[in-house]
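test case, fold it:
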Amino acid sequence: MPIDLTLSARRLNPVHSAFIALLGLIFFIALATGDRLQAAPKDAAADPVVLCFVSHKTSHGFGAHEYAAGCRLIGKWIEESYPKRKIESRYSIDWPTDPATFFKDADTVVFFCSGGAKHLINGHEAEFDQVMRTGAGLSCLHWAVEVPKGPAGDGMLAWMGGYYEIDWSVNPHWIAQFETFPSHPIARGLRPFAVDDEWYFHMRLVDGMKGVTPILSAIAPESTMERPDGPHSGNPAVRAAVAKHEPQHVSWAYQRGDDYAQGRGFGFTGLHYHWNWMNDEVRKTVLNGVAWTARLEIPESGIEVTRPTHEQLEANALEYGGDQDRAKKTPAPPRTVAQPFTDPALFTGGIEGPACDRDGNLYAVAFGEKANIGKITPDGKGEVFVTLPEGSTPNGIRFDKKGIMYVADYTGHNILRIDPTTKKISTLAHEPKMSQPNDLAIAEDGTLYASDPNWKEKTGQIWRIDTDGTVTLLDGEMGTANGIDISPDGRTLYVNESEQRKIWAFTITAQKTLTDKRLLHEFPDFGFDGMRCDVDGNLYVSRYGKGTVVVVSPKGEILDEIYLPGSKPSNLCFGGPDGRTVYVTEVEHTRIVSFQAARPGLEWARWGR
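Predicted structure coming up:
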């Protein structure tokens, strides 16, 4: 879609028109004399791949809209990812003072800047159109996808296949869940993920989406339409689209035609938060997209670089964006969202009971079949560990200090003991009065505590199982007892009730009985399932139906809530090299997801891992 240069000039003021005309003449002369901005096909071994980054410095406070810092990360990571190619990264804060030199031989241009009336393309549409006609690629990130209607909007449609149009597109903050991806180089290596960001959507794309391939698409929740209509907040068209649950494209690829030398475009509406560079899939999507527009070959697994730490990103933002008076005002960080750890095909809908051994291997039930316990290595590879005998169905799992596995067998009314070396399965305890032993907690001396819900009657029991297999009923008047764990000092037993939505605390006496039952916290909605303590005694509680893990202090205060890419978390455990990785079994997509906690899990620390 060529830009109407006459129309572009007519809409500018006389000074700008003269300036644009002069620059356009320079560009046309350069093209006519053979001194092209994009020369003939490059020698992959000798000619550099030129990446031109055009940005503002910052705009929204420390850690948000870190344009210059983000550009430096992209350039660095692409340079590291193609060691056999010479990558030349050029950086300009604001529009380059010498655009002919800056854009000469450009393979791609990246805009990461403020948008709308502040966009750096404004007033430069005609001269930049000549850069695009050389076949150079274009990537626009976050606010840079928004330009005014008119010359800039027409340009973006021609160069990138779409843009953010006011009174049509919207910019809410929301957690987008991406489950499927197209067969396109930019999507190589992507796995399902969810992330909290200011995901713009309902983009203005070329008619019929000709040449456009959506890369990231998600169903926008109704909460994105809570604001009144406005240039950026809502309009009848987007409200109708959200009501119909139409997939919203928040990242896309664009293949131009011969009039633009088959150049490529890439739009990505996220990255409000600098910290989202820590998300592996966000990072991979952007790097794949920028590299693809530069005509670099994308590996089958996508571009993979080492995940930056929060401290590294903070240092990067300070270096290229400055302090921005962050002590007085720092934008709120994105909400933590768990990421997929296993593929959905590994488990059935009975996925439950996660626990980690000393070596960091993760175990969970219903691996392929409901009687199987699966073993997942730290790199996510799974296999059947054991299959329980007929009549037994596994649920909660715990390990003792010796590495012996204990399993709640809810159909056999057993607590099973499994030797990890021989995989021999034996019965530690059998109690016919148990309804269905569900989750387990283990004390430092090896004593087990089991929750025992009766779902039909909405009642439950708590049992103690001593190391010799003796079974003792501790409380027979519970609601639907489910998640269970012990405090770091070993003096408090926590039990939640799924149907009643209450978390109870009991004092464990010297005789290992329970006393002083007290309500820790009651929730108004949704249910509970498994839970675990961290080393500080904070409870991580799975909220079945809500799709979150809530963190509750020993005083009953809500400290945090982590969002999951699925509404039905059934249980969780701590693991990873530092004990801070939380693995959550998620029923809706029959997979395990994970996130990083602030502190290590109690079991991980207690067993010396």
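
only C-alpha atoms for contact and neighbour calcs from this point on.
Fine.

count of neighbours near residue 92?
If you count neighbours by other CA atoms under 10 Å, residue 92 ends up with 18.

now do the contacts for the residue lying closest to it once chain neighbours are set aside.
Leaving aside its sequence neighbours, residue 92 sits nearest to residue 54 (CA to CA, 6 or more residues apart in numbering; 5.0 Å). Counting by CA atoms under 8 Å, 6 or more residues apart in numbering, residue 54 makes contact with 91, 92, 93, 94, 95, 96, 109, 110, 111, 112, 113.

just to confirm, which helix or strand has residue 312 in it?
Residue 312 is part of helix 310-321, with elements assigned from DSSP states H and E.

ok so, going back, buried subset of the contacts of residue 54?
91, 92, 93, 95, 96, 109, 110, 111, 112, 113 (16 or more other CA atoms under 10 Å).

re the thing from before, got the CA positions of the helix holding residue 312 in CSV?
Extracted as CSV, the C-alpha positions of helix 310-321 are listed here (Å, rounded to 0.1, in the frame of the first residue of the first chain):
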residue,chain,number,x,y,z
HIS,A,310,15.4,-8.6,38.2
GLU,A,311,18.7,-7.1,39.4
GLN,A,312,20.1,-7.2,35.9
LEU,A,313,17.1,-5.5,34.4
GLU,A,314,17.2,-2.9,37.2
ALA,A,315,20.8,-2.1,36.4
ASN,A,316,20.0,-2.0,32.6
ALA,A,317,17.2,0.5,33.3
LEU,A,318,19.3,2.7,35.5
GLU,A,319,22.1,2.8,32.9
TYR,A,320,19.9,3.8,29.9
GLY,A,321,16.9,5.3,31.5
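
can you name the element that comes right after that helix?
For helix 310-321, the following helix or strand on the C-terminal side (DSSP H and E) is strand 339-340.

from residue 436, how far out is residue 261?
From residue 261 across to residue 436, the span is 68 Å (CA to CA, to the nearest Å).

so which of the two has more stuff around it?
Counted by other CA under 10 Å, residue 261 and residue 436 do not tie: residue 436 has more neighbours, with 25 against 13.

rewinding a little: among the contacts of residue 54, which are located in strands?
Per DSSP state E, strands hold the following members of the contacts of residue 54: 91, 92, 93, 109, 110, 111, 112.

show me which pair in those is furthest apart.
Largest separation among the ones in strands among the contacts of residue 54 by CA to CA: 93 and 109, giving 13.3 Å.

hang on, the earlier thing: which other helices and strands contact the helix holding residue 312?
helix 67-81 (3 or more CA pairs under 8 Å, 6 or more residues apart in numbering; DSSP states H and E).

what's the helix it packs on packed up against?
Using 3+ CA pairs under 8 Å, 6+ apart, helix 67-81 sits against strand 49-55, strand 87-93, strand 108-112, helix 280-293, helix 310-321.

now it against helix 280-293, angle please.
80 degrees (axes from the mean of the first three to the mean of the last three CA atoms, to 10 degrees).

so for helix 67-81, mean pLDDT?
Mean pLDDT, computed over helix 67-81, is 98.

what comes up buried for that helix?
Neighbour-count burial for helix 67-81 flags 67-75, 77-79, 81 (criterion: 16+ other CA under 10 Å).

need the contact partners of it.
Helix 67-81 is contacted from outside by 51, 53, 55-58, 86-87, 89, 91, 93, 112-113, 274, 287, 291, 303-305, 316-317, 319-321, using CA under 8 Å, 6+ apart.

derive a ChimeraX selection command for the buried subset of these.
Buried members of the contacts of helix 67-81 can be picked out in ChimeraX with the line below, counting by 16+ other CA under 10 Å:
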select :51,53,55,56,57,58,87,89,91,93,112,113,274,287,291,303,304,316,317,320,321
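
tell me how far the nearest residue to residue 46 once chain neighbours are set aside lies from residue 241.
Computed as CA to CA, 6+ apart, the closest residue to residue 46 that is not its neighbour in sequence is residue 86, at 7.6 Å. As defined by CA to CA, residue 86 lies at a distance of 45 Å from residue 241.

could you chop this structure up by domain?
5-321, 339-606 (automatic domain parsing).

right, and residue 222 touches residue 243 too?
Yes. Applying CA atoms under 8 Å, one finds residue 222 in contact with residue 243, separated by 7.4 Å.

would you map the strands across the stretch 451-600 of the chain?
In the stretch 451-600 of the chain, the segments counted as strands under DSSP state E, counting those that start in this stretch are 459-465, 471-478, 481-486, 492-497, 502-508, 514-522, 531-533, 539-543, 548-552, 558-563, 569-575, 581-586, 591-596.

let's have these in CSV, adding distance to residue 103, mean pLDDT and mean neighbour count.
Below are the strands of the stretch 451-600 of the chain laid out as CSV (distance: least, CA to CA, whole Å; pLDDT from 0 to 100; neighbours: other CA atoms under 10 Å):
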stretch, distance to residue 103, mean pLDDT, mean neighbour count
strand 459-465, 71, 98, 22
strand 471-478, 71, 97, 15
strand 481-486, 60, 98, 29
strand 492-497, 62, 98, 25
strand 502-508, 62, 98, 21
strand 514-522, 60, 97, 15
strand 531-533, 55, 97, 26
strand 539-543, 52, 97, 27
strand 548-552, 47, 97, 23
strand 558-563, 43, 94, 17
strand 569-575, 49, 96, 30
strand 581-586, 44, 96, 26
strand 591-596, 41, 93, 23
